[in-house]
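In: coordinates only, sequence not included:
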């Protein structure tokens, strides 16, 4: 049987090679159906949407440079004597891990650059995730249907922190070894199982000869593997849900306005990868990071002053430093609260991030999809809560550097620590109140703008001598944008007595919800947005107050 | 640049409002006016401006190529141990600097070129796309649920309880093998954290000079670090042992010692304390000779060495363990036993 009869009449005309390859691939992978929905997919434009991209790109950069580093790094704690080109350490005993890191830094050409790109990219990755999450949080982008994606992002943040920690522990230098020792001490504080976990993690007593190899497989395989999966899932969901957008003319909850993936977003986002990579490479070429040769190899009986973890572990460090040294001894056991409470707080502070979307959706009882972003001022309680959280976080971070602050600003270390102890509780409350007031003030300003127009800066003198400022009415676009947000009414418990006079039992959760709802959406928590009637009343008289 | 020679037909006014016409809204003053008309960029109407953009993009891509050549040249030509002084960075590795800058420029200019291209030459007309509800329509979800019920029924899982229960049992048990396999990750704690290699008669050896210490070697106001005799850097378990056995030795005026037991365990005012902080195990290294306070540089726990090394500030939960010392026949400082309590951070079994 002959198969030479052509099945595709187009191929006689010899389509371009690219098209023929695409046809071939479509027959096997079905790429055209995939591309139909995605090639001209619309992406809204807003600067804050780049934050997530920074995270993704720095993650890719970390993987690329990390693979390179594995080619030279020896994850072993065998002690060797140093004979490399860095003179001050020659003849010193050190682990192979430290030795090979020196080799990467001094003998491998470009090795130091890749090491520094890797480390800088990691710092930027986690900082990027924080800022990206703040953008998502403060604009309410985590609401239905994106709660799961918020959780994926949360897991990426937490895993990123631990990947970073296991990573900077690998060179086995004096600073990172001190950090590992701290971690081991914190693990020991866990009631009942702490000592066992420590023995199992370190293969015996600290430091033992295993942790570098174990951290290595966790750092290069286990955690990044999970993270890669999560990141892919995160992106798939971003594609599937489509991007959120801010309210504006022509932008509704049922459409998405922006520019197509091909070509504009391909070029912008693709180009942005190179921008991020380029900036990180420049930083790595200019700014030294983690100069392990200046720190020396780890010895459990040595330490340097001003020991600091990488920045993202700083707030945990601060919690540990500020905590009073409580210890309870009973029945032959020790409850090391002075370390265990900060450990739990560390988990709680992060855990709040994970559960927040579910708390808010429970309070609002809103089951609809939200694709229009909130301006932070229009959700004052949420915004205030976020700022309160950030305040607690920053106070912790400050506490993590209490010695640096004390020495640099010539302050009493004890005073700084006491400030952290108090500010950790007071700071968030104050921040909450201030933020909420600022939000309400901004809401009033918006309302004023809608009803009375924009201050034009033109001063007019009236015939009788009075000076007034001319207000320019807003355009239809601006009027719509400033009034597009929705305002919830606080949830009420409802009648507790039914028509037959039988009293209904009100569940405690119901009461709590009503209370929370009141604090979210009650009279003190939002400024009623201008109504059409108010607007007409003011504009019809052409009068200005 | 002048816009006087722009052909009339290219001007925005001539191109009409094809895009999202602005409707006048009668009822609601805040109603959505629809997408605003597209505003043209200079490149859309002036071909010469577009040409300029094209040249800028091409220039950026060319700079990138040059930078890559520069990267390779730096890799080959600059000795990797050459250090240069560059204000305000100080002394830095010449090769690292050259490689970083050339790589950075090579990458950045590709990105800058692509973004400039997208912003000035590619269409910037905004398009609206529809969104569809994420959840499936009711008939689809009904169908799926019915399919699932059918499948579950056909499996007979619900009806044949014996199969169900044994399966759950088997699936619950099988991961236990994995858990058991983790057992050899490390030994059990037993008494390991309670003892160090200090024994009665072991000499206190100066960490820096590697010589046994005599009382006369310890001056008032000085801080000496010591290790047990016989523990050498090259020993296989040096790291594990020094992590517990490291000592701080200071000499106080015996009258200044407030704690009775501390005085008993000292020798001529010389006291030996564990160097390992009782907070999370950092080595304590900062000594204030006037007050006899020591401070852990990691978390700033402060201990008063003249008063049984009790905690006077910071997060540590209990005093530093003291080692009982004396002098042997040859006049060297020696230990009179191991520490009486576990050194280092507290743990559940410590008691």
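Out: Received, thanks. What you see is a predicted model; the values in this text were computed from it and never measured.
In: quick check: the residue of chain A nearest chain B.
Out: Using C-beta to the nearest C-beta, the single residue of chain A nearest to chain B is residue A:285, 1.4 Å away. Placement of C-beta: from N, CA and C, glycine included.
In: helix or strand: which one has that residue?
Out: Per DSSP states H and E, residue A:285 falls inside helix A:266-286.
In: not counting its own residues, what contacts that helix?
Out: Residues from elsewhere that reach helix A:266-286, judged by C-beta atoms under 8 Å, 6 or more residues apart in numbering or on different chains: A:50, A:53-54, A:57-58, A:60-61, A:113, A:116-117, A:119-121, A:124, B:89, B:92, B:96-101, B:103-115, B:117-119, B:122.
In: in chain B, which residue is closest to the centre?
Out: Closest residue to the average C-alpha location of chain B: residue B:298 at 15.5 Å, with C-alpha atoms, centre = their mean.
In: pull the number of nearby residues for residue 45.
Out: Assuming you mean chain A. Residue crowding around residue A:45 was assessed by other C-beta atoms under 10 Å in any protein chain shown; the count is 16.
In: sorry, I should have been clearer: chain B.
Out: By the criterion of other C-beta under 10 Å, residue B:45 has 18 neighbours.
In: gap between it and chain A?
Out: Using C-beta to the nearest C-beta, to the nearest Å, we find residue B:45 at a distance of 19 Å from chain A.
In: residue B:142 now?
Out: Separation of residue B:142 from chain A (C-beta to the nearest C-beta): 19 Å.
In: and that residue, helix, strand or coil?
Out: Here residue B:142 takes the helix state, with states given by DSSP: H, G, I helix; E, B strand; the rest coil.
In: returning to that earlier point: nearest residue to the residue nearest to the centre of chain B other than its sequence neighbours?
Out: Nearest non-adjacent residue to residue B:298, counting by C-beta to C-beta, 6 or more residues apart in numbering or on different chains: residue B:282, 3.6 Å away.
In: how much space between the one you found and residue B:55?
Out: Taking C-beta to C-beta, to the nearest Å as the measure, residue B:282 and residue B:55 are separated by 60 Å.
In: comparing those two, which residue is more hemmed in?
Out: Regarding residue B:282 and residue B:55, a neighbour count based on other C-beta under 10 Å identifies residue B:282 as having more, with 26 against 10.
In: which residues touch the more buried one?
Out: With C-beta under 8 Å, 6+ apart as the criterion, the residues that contact residue B:282 are A:178, A:181, A:182, A:303, A:307, B:276, B:296, B:297, B:298, B:299.
In: pLDDT wise, what is it at?
Out: Looking at residue B:282, its pLDDT reads 93.
In: what do you get for the one 10 residues further on?
Out: The model reports residue B:292 with a pLDDT of 91.
In: could you do the one 3 residues further on as well?
Out: On pLDDT, residue B:295 comes in at 92.
In: which one is it nearest to, not counting chain neighbours?
Out: With C-beta to C-beta, 6+ apart, the residue lying closest to residue B:295 is residue B:286, at 4.2 Å.
In: tell me who's in contact with that neighbour.
Out: Going by C-beta under 8 Å, 6+ apart, residue B:286 touches A:305, B:294, B:295, B:296, B:297.
In: please check the contacts of helix A:266-286 and keep the buried ones.
Out: Burial of those was assessed by neighbour count (16 or more other C-beta atoms under 10 Å in any protein chain shown); the buried members are A:50, A:53-54, A:57-58, A:60-61, A:113, A:116-117, A:119-121, A:124, B:92, B:96-101, B:103-115, B:117-119, B:122.
In: lowest-confidence helix or strand of chain A?
Out: Sorting the helices and strands of chain A by mean pLDDT, DSSP states H and E puts helix A:532-540 at the bottom, at a mean of 85.
In: show me what that helix is packed against.
Out: Using 3 or more C-beta pairs under 8 Å, 6 or more residues apart in numbering or on different chains; DSSP states H and E as the contact criterion, the neighbours of helix A:532-540 among helices and strands are helix A:413-452.
In: name the nearest residue to residue 313, ignoring sequence neighbours.
Out: Chain wasn't specified; assuming chain A. Leaving aside its sequence neighbours, residue A:313 is closest to residue A:165 (6.1 Å, by C-beta to C-beta, 6+ apart).
In: my bad, chain B
Out: Excluding its sequence neighbours, the residue lying closest to residue B:313 (C-beta to C-beta, 6+ apart) is residue B:302, at 4.1 Å.
In: and if you look at residue A:314?
Out: Using C-beta to C-beta, 6+ apart and skipping the chain neighbours, the partner closest in space to residue A:314 is residue A:400 (3.6 Å).
In: report the contact partners of residue A:57.
Out: Per C-beta under 8 Å, 6+ apart, neighbours of residue A:57: A:272, A:273, A:276, A:277.
In: may I see the buried residues of stretch A:92-112?
Out: By 16+ other C-beta under 10 Å, the buried positions in stretch A:92-112 come out as A:92-108, A:110-112.
In: and stretch A:396-414, by the same measure?
Out: Counting neighbours by 16+ other C-beta under 10 Å, stretch A:396-414 gives A:396, A:397, A:398, A:399, A:400, A:401, A:402, A:403, A:405, A:406, A:413 as buried.
In: for residue B:129, which three-state class applies?
Out: Under three-state DSSP, residue B:129 falls in the strand class.
In: ignoring the adjacent residues along the chain, who's closest to it?
Out: According to C-beta to C-beta, 6+ apart, the nearest residue to residue B:129 is residue A:42 (4.0 Å).
In: so the one you found sits against residue A:251, correct?
Out: No. With contact defined as C-beta atoms under 8 Å, residue A:42 does not reach residue A:251; the gap is 11.3 Å.
In: end to end, how far does stretch B:130-144 reach?
Out: End-to-end distance for stretch B:130-144, by C-alpha to C-alpha, to the nearest Å: 25 Å.
In: ok, residues contacting that stretch?
Out: With C-beta under 8 Å, 6+ apart as the contact definition, stretch B:130-144 has outside contacts at A:145, A:240, A:241, A:242, A:253, A:254, A:255, A:256, A:369, A:371.
In: ok, the fourth one to residue A:494 distance?
Out: Think residue A:242. Looking at residue A:242 against residue A:494, where the rule is C-beta to C-beta, the gap reads 36 Å.
In: between those two, which has more neighbouring residues?
Out: Residue environment comparison for residue A:242 versus residue A:494 gives the larger neighbour count to residue A:242, 20 against 9, counting by other C-beta under 10 Å.
In: please name the residues that touch the more buried one.
Out: A:41, A:42, A:256, A:371, B:129, B:131.
In: among those, name the buried ones.
Out: Taking 16+ other C-beta under 10 Å as the criterion, what is buried in the contacts of residue A:242 is A:41, A:42, A:256, A:371, B:131.
In: could you export those residues as JSON lines, including distance to residue A:141?
Out: Below are these laid out as JSON lines (distance: C-beta to C-beta, whole Å):
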{"residue": "A:41", "distance to residue A:141": "18"}
{"residue": "A:42", "distance to residue A:141": "17"}
{"residue": "A:256", "distance to residue A:141": "13"}
{"residue": "A:371", "distance to residue A:141": "9"}
{"residue": "B:131", "distance to residue A:141": "14"}
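In: which ones among the residues you listed are found in helices?
Out: Counting by DSSP state H, those place none of their members in helices.
In: max pairwise distance over those: which two?
Out: Using C-beta to C-beta, the two most remote members of these are A:41 and A:371, lying 14.6 Å apart.
In: pop the domain breakdown of chain A in here.
Out: If you go by automatic domain parsing, the domain ranges for chain A are A:41-305, A:438-485+A:507-540.
In: which one of these is the most hemmed in?
Out: With neighbours taken as mean count of other C-beta atoms under 10 Å in any protein chain shown, the domains of chain A reach their highest mean count in domain A:41-305, at a mean of 20.
In: next one: that domain to chain centre, how far?
Out: Relative to its parent chain, domain A:41-305 has a centroid offset of 13 Å by C-alpha atoms, centre = their mean, to the nearest Å.
In: could you do stretch B:277-291 as well?
Out: Its chain's average C-alpha position is 24 Å from that of stretch B:277-291, according to C-alpha atoms, centre = their mean.
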